[in-house]
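1. Provided below are the primary sequence and the corresponding predicted coordinates.
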Amino acid sequence: MRILSGIQPSGALHVGNYFGMMKPAIELQTQGEAFYFIANYQSMTSLFDAAERRRNTLDVALDFMACGLDPEKAVFFRQSDVPEVTELAWILTTLTPMGLLERCHSYKDKVAKGIAPNHGIFAYPVLMAADILIYDSNVVPVGRDQKQHVEVTRDIAIKFNEAYGQTFVIPEPRIRDDVASVPGTDGQKMSKSYGNTIEIFGEEKALRKKIMGLVMDSRTPAEPKPDAEKNLAIQLLKLVATPEIAKDYEDRLRVGGLGYGDLKKALFENYWNYFAAARTKRAELAGNMDYVEQTLRESAVKARTLAQKVLKRARWACGLD
Ligand code: ADP
Ligand code: TRP
């Protein structure tokens, strides 16, 4: 089984990224051949600062490795170190109906938010299809918001196979229902673009403030809360605390007597402890950037070798060679 996923270097990674994509990807790295990459080509659709992209790319590398991505087990590289994906994206784009891309929620959401879309924002699901197909990927671990793009990938691969003969493996999204959409500080889906994130590796004081600032309703501490499971702090606590601790707080909220301040304090402490080991690891890695750079470079060679093989197959199938 080949497992593949990518993440953009478009800002500090948050616990939505962690539980939705990184943790499942890290757990899968022992289940097959894993390929994970930093989607720096894709980040060009929304980030226009070269120095920031370079810095963010290394930050994502540090974050992911600190969280447990093991370069001995997973091939971990920069998207742009395999430029063959851009050629495959062109080949695939000629088989992609406009309507398929026009229906993509992530594109429609951006337009609805008033962002003037560039062609890259519209077309990136085709680049994503190339990312996936060029490694003969079987399984793609992502959060729910990326499911549609994996479906687009499947559609394009099927079209290619029908037009030019069996060439691509048809991939499947792997989405964990329990963490498919982690809520942010405002209760909406946590996202860099909504400014509602809790970073994995933020500064202690700022994060404490963010968590203590979670907006709750105006019921008094004594009031029973029969809807305790819907409480935002409880939902987040379930991710970072043991099931016993989370259940204890949920029960106390349900019967009444637990104040929101105490609940948020518990959330902060559990969150902070949850990432403590990763924080230490990150500091170690940050002191050894040569190793991180070398990992990305060596992995890219492995990824590129495979990509060239699959691209060759596709070029032959469609009559370019
Ligand atoms: P963002 O919305 O913050 O820009 P990305 O689009 O870069 O995040 O997402 C990177 C990965 O993290 C994707 O697989 C995505 O599905 C996952 N992800 C992002 N936000 C969440 C969330 N709130 N809950 C679950 N998964 C998420
Ligand atoms: N589009 C994904 C995101 O915005 C990142 C990504 C690019 C990706 N290529 C991919 C994810 C291929 C999975 C597989 O989060």
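-> Cool, got the structure. Numbers count the residues shown, from 1 in each chain. Ligands and ions are numbered 1, 2, ... in the order given.

2. for Ala129, what are its contacts?
-> Contacts for Ala129 (C-beta atoms under 8 Å, 6 or more residues apart in numbering) come out as Ala89, Leu92, Thr96, His149, Val152, Thr153, Ile156, Ala157. Heads up, the C-betas are built off the backbone N, CA and C, glycines and all.

3. what pLDDT is listed against the second one?
-> I take that to be Leu92. Looking at Leu92, its pLDDT reads 98.

4. helix or strand: which one has it?
-> helix 84-93 (DSSP states H and E).

5. what lies in contact with that helix?
-> By C-beta under 8 Å, 6+ apart, the list of residues contacting helix 84-93 from outside reads 41, 79, 123, 126-127, 129-131, 133-134, 156, 160, 304, 307-308, 310-311, 314-315, 318, 320.

6. run the angle between the longest helix that the chain contains and helix 84-93 for me.
-> Identified as the longest helix of the chain according to DSSP state H is helix 289-317. Angle of helix 289-317 versus helix 84-93, following axes from the mean of the first three to the mean of the last three C-alpha atoms, to 10 degrees, is 30 degrees.

7. same for helix 289-317, what does it pack against?
-> If you count contacts as 3 or more C-beta pairs under 8 Å, 6 or more residues apart in numbering; DSSP states H and E, helix 289-317 packs onto strand 33-38, helix 50-66, strand 74-78, helix 84-93, helix 147-164.

8. for the helix or strand just after the last one, which outside residues touch it?
-> Think helix 147-164. Going down the chain from helix 147-164, the next helix or strand is strand 172-174, by DSSP H and E. Here strand 172-174 makes contact (C-beta under 8 Å, 6+ apart) with 3, 24, 28, 138-142, 146-147, 150-151, 154.

9. residue ranges with poor pLDDT in the chain?
-> Residue ranges of the chain with pLDDT under 70: none are present.

10. for ligand 1, what are the nearby residues on it?
-> With C-beta under 6 Å from any ligand atom as the criterion, the chain meets ligand 1 at residues 7-8, 16-17, 20-21, 142-143, 145-146, 179-182, 189-193.

11. which of the residues you listed are buried?
-> The neighbour-count test (16 or more other C-beta atoms under 10 Å) applied to these identifies 7-8, 16-17, 20-21, 142-143, 145-146, 179, 181-182, 189-192 as buried.

12. out of those, which touch ligand 2?
-> Ile7, Gln8, Val142, Gln146.

13. report the contact partners of the second one.
-> When the contact criterion is C-beta under 8 Å, 6+ apart, the partners of Gln8 are Ile38, Ala39, Asn40, Gln42, Ser43, Val60.
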